[in-house]
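Chemist: coords below, sequence missing:
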């Protein structure tokens with residue numbers, strides 16, 4: 001039996017067939033290289049805790065109370081796992097996504113004002129313009145199927161490049177995109193050395209080649225940042241301007257050029273890839289369920305009246321937001337998060353020992369039969385009453401002090417783009433081209449999201 005294939009059951013969107021029996025070290029490594037979701041056992045969608053050993057001890061935690069303990073109450077005892085840091089550090093250094101303790105806290109305080117509601121709302125016109133350009137490109141395809149994964153990647157990269165460097169030409173944005181994509185595709189794959197717990201200083205060959213390309217790109221980014229610092233901000237400050245002006249209110253420390261660069265690259269990596277995936281999966285689900293799509297279109301037409309969505313429309317597009325929330329439940333961009341326990345603990349009955357790998361399988365959490373009714377079904381109405389959902393049963397952006405700093409930015413962007421496209425087109429699936437959920441660093445629809453787009 002092949003455990004990482006995609007399956008479709010009647011009236012259910014595509015999902016991964018999770019593993020049903022224990023796997024040895026080499027087989028686990030092979031499965032992880034192909035699709036990290038393959039290491040999640042099916043029982044993780046039924047039980048609060050699953051424990052095992054694959055070269056080292058591991059625990060999977062699906063109990064919301066225990067997850068709160070990890071992410072909020074004892075967050076310092078559960079830093080990001082060594083494997084996670086090894087995968088990401090060559091791309092984003094000791095930025096917010098990697099840093100721990102005091103080094104993380106001062107960076108978070110410094111960056112937080114850039115992601116205030118006011119600044120995020122000020123950037124909405126960039127998202128609206130990107131949504132309109134995307135609609136134009138889709139319209140130009142005519143009566144041919146469109147790969148909405150590629151299209152959403154283009155649209156969200158347009159946004160992130162504009163809000164980070166204002167599209168000022170000082171930075172080769174296409175080169176950034178290529179370097180990041182190559183890193184995710186090649187270096188982002190787990191090494192057997194990681195699985196076996198080899199020390200950090202042992203080279204991971206597949207990671208070395210991609211890391212060299214990232215080094216060249218980082219050098220170019222440094223030059224662009226230095227040029228901006230000398231030139232000063234534009235009329236509407238972008239994230240680079242805001243970070244250059246940023247200062248930790250407690251220590252008065254400012255980011256160095258390297259720290260600025262690594263945090264900007266973190267935002268570029270996280271800020272376009274994850275939102276593109278959310279939009280691609282949302283469009284797939286809308287095509288999968290025409291009744292949901294039509295209901296959303298009625299809302300869009302009522303709110304927008306034929307124009308593109310703006311930041312001021314986001315709060316009125318309630319059902320569009322519910323579709324995005326449901327897409328994030330079924331296909332979370334970060335399908336698994338991994339921590340390394342520092343102290344002995346009890347998590348939902350699991351005996352945690354120092355050095356244990358403790359995972360929250362977000363993909364399984366969103367499909368857990370004790371937490372959700374009909375968990376594999378696409379049903380945006382489950383988010384009509386957000387208060388009825390346990391906060392730690394739904395974690396597309398994490399939670400606790402390390403909740404994603406760009407969550408409001410991503411959700412605003414996703415609502416603006418999805419609403420604009422649903423107002424312009426009726427999407428339908430292409431027979432035999434269902435996407436396959438595959439996670440390397442992020443949960444991507446392998447093969448793309450191929451849909452027909454009929455002008456409304």
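Modeler: Thanks, I have the structure now. It should be emphasised that the depicted structure is a prediction, and the values quoted were computed from it without experimental measurement.

Chemist: Show me what the closest residue to residue 74 other than its chain neighbours is bridged to.
Modeler: Closest residue in space to residue 74, ignoring its immediate chain neighbours: residue 345 at 7.0 Å, by CB to CB, 6 or more residues apart in numbering. The C-beta positions use only the backbone N, C-alpha and C, and glycine is treated the same way. Legend: beta-bridge partners of residue 345 under DSSP bridges are residue 352.

Chemist: Read off the pLDDT value for residue 345.
Modeler: If you check residue 345, the pLDDT there is 97.

Chemist: Might one say that it is in contact with residue 352?
Modeler: Yes: counting by CB atoms under 8 Å, residue 345 touches residue 352, with 4.0 Å between them.

Chemist: Give the residue from those two that has the larger number of neighbours.
Modeler: residue 352 (24 against 20; other CB atoms under 10 Å).

Chemist: Now do the same contact list for that one.
Modeler: Residues in contact with residue 352, defined by CB atoms under 8 Å, 6 or more residues apart in numbering, are 59, 341, 343, 344, 345, 346, 358.

Chemist: Identify the farthest-apart pair in those residues.
Modeler: 59 and 343 (13.7 Å; CB to CB).

Chemist: Just want to know which of those two has more residues nearby.
Modeler: Each of residue 59 and residue 343 has its neighbours counted (other CB under 10 Å); residue 59 has more, 23 against 11.

Chemist: Surely that one is within a strand?
Modeler: Yes: assessed by DSSP: H, G, I helix; E, B strand; the rest coil, residue 59 belongs to a strand.

Chemist: Report pLDDT for it.
Modeler: Looking at residue 59, the pLDDT reads 95.

Chemist: How about residue 97?
Modeler: The model's pLDDT for residue 97 equals 89.

Chemist: now it, nearest residue through space, not along the chain?
Modeler: Excluding its sequence neighbours, the residue lying closest to residue 97 (CB to CB, 6+ apart) is residue 266, at 5.0 Å.

Chemist: Can you get me a residue count around the one you found?
Modeler: Neighbours around residue 266, by other CB under 10 Å: 22.

Chemist: just the strands in the stretch 351-456 of the chain please.
Modeler: 357-360, 425-429, 436-439, 443-446, 450-455 (DSSP state E, counting those that start in this stretch).

Chemist: ditto for the chain
Modeler: Assigned by DSSP state E, the chain shows strands spanning 6-7, 15-16, 49-54, 56-61, 146-147, 337-340, 345-347, 350-352, 357-360, 425-429, 436-439, 443-446, 450-455.

Chemist: Go through those strands and name the closest to residue 243.
Modeler: strand 337-340 (25.3 Å).

Chemist: Residue 72: what's its closest spatial neighbour, skipping adjacent residues?
Modeler: Closest residue in space to residue 72, ignoring its immediate chain neighbours: residue 400 at 4.0 Å, by CB to CB, 6+ apart.

Chemist: Surely that neighbour touches residue 78?
Modeler: No: contact criterion CB under 8 Å: residue 400 and residue 78 do not qualify, at 9.8 Å.

Chemist: In terms of neighbours, single out the busier of the two.
Modeler: residue 78 (26 against 17).

Chemist: ok, the nearest residue to that one once chain neighbours are set aside - how many residues close by?
Modeler: Nearest non-adjacent residue to residue 78, counting by CB to CB, 6+ apart: residue 339, 4.0 Å away. Neighbourhood size, residue 339 [other CB under 10 Å]: 21.

Chemist: and what of residue 451?
Modeler: Each residue near residue 451 was counted by other CB under 10 Å, and the total is 26.

Chemist: show me the contacts for it.
Modeler: Residue 451 makes contact with 145, 146, 148, 283, 284, 287, 427, 428, 429, 430, according to CB under 8 Å, 6+ apart.

Chemist: mind giving me JSON lines with the strands of the chain and columns for distance to residue 301?
Modeler: Shown next, in JSON lines, are these (distance: least, CB to CB, whole Å):
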{"stretch": "strand 6-7", "distance to residue 301": "33"}
{"stretch": "strand 15-16", "distance to residue 301": "31"}
{"stretch": "strand 49-54", "distance to residue 301": "46"}
{"stretch": "strand 56-61", "distance to residue 301": "43"}
{"stretch": "strand 146-147", "distance to residue 301": "22"}
{"stretch": "strand 337-340", "distance to residue 301": "38"}
{"stretch": "strand 345-347", "distance to residue 301": "47"}
{"stretch": "strand 350-352", "distance to residue 301": "50"}
{"stretch": "strand 357-360", "distance to residue 301": "39"}
{"stretch": "strand 425-429", "distance to residue 301": "12"}
{"stretch": "strand 436-439", "distance to residue 301": "31"}
{"stretch": "strand 443-446", "distance to residue 301": "28"}
{"stretch": "strand 450-455", "distance to residue 301": "14"}
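
Chemist: What's the separation between the residue nearest to residue 74 and residue 393?
Modeler: 20 Å (CB to CB, to the nearest Å).

Chemist: Of all the strands of the chain, which one is nearest residue 372?
Modeler: Residue 372 lies closest, by CB to CB, to one member of the strands of the chain: strand 15-16, at 13.3 Å.

Chemist: any idea of the mean pLDDT for that closest one?
Modeler: What strand 15-16 shows for mean pLDDT is 85.

Chemist: roughly how far out does that strand sit from the chain middle?
Modeler: Mean-position distance between strand 15-16 and its chain equals 18 Å (CA atoms, centre = their mean, to the nearest Å).

Chemist: And for stretch 139-155?
Modeler: Distance, stretch centre to chain centre, for stretch 139-155: 21 Å (CA atoms, centre = their mean).

Chemist: Straight-line length of it, end to end?
Modeler: Stretch 139-155 has an end-to-end distance of 14 Å (CA to CA, to the nearest Å).

Chemist: For it, list every residue counted as buried.
Modeler: 145, 146, 147, 148, 149, 151, 152, 153, 154, 155 (16 or more other CB atoms under 10 Å).

Chemist: ok, those vs residue 257, which is closest?
Modeler: Within the buried residues of stretch 139-155, distances to residue 257 taken as CB to CB reach their minimum at residue 153, with 28.1 Å.
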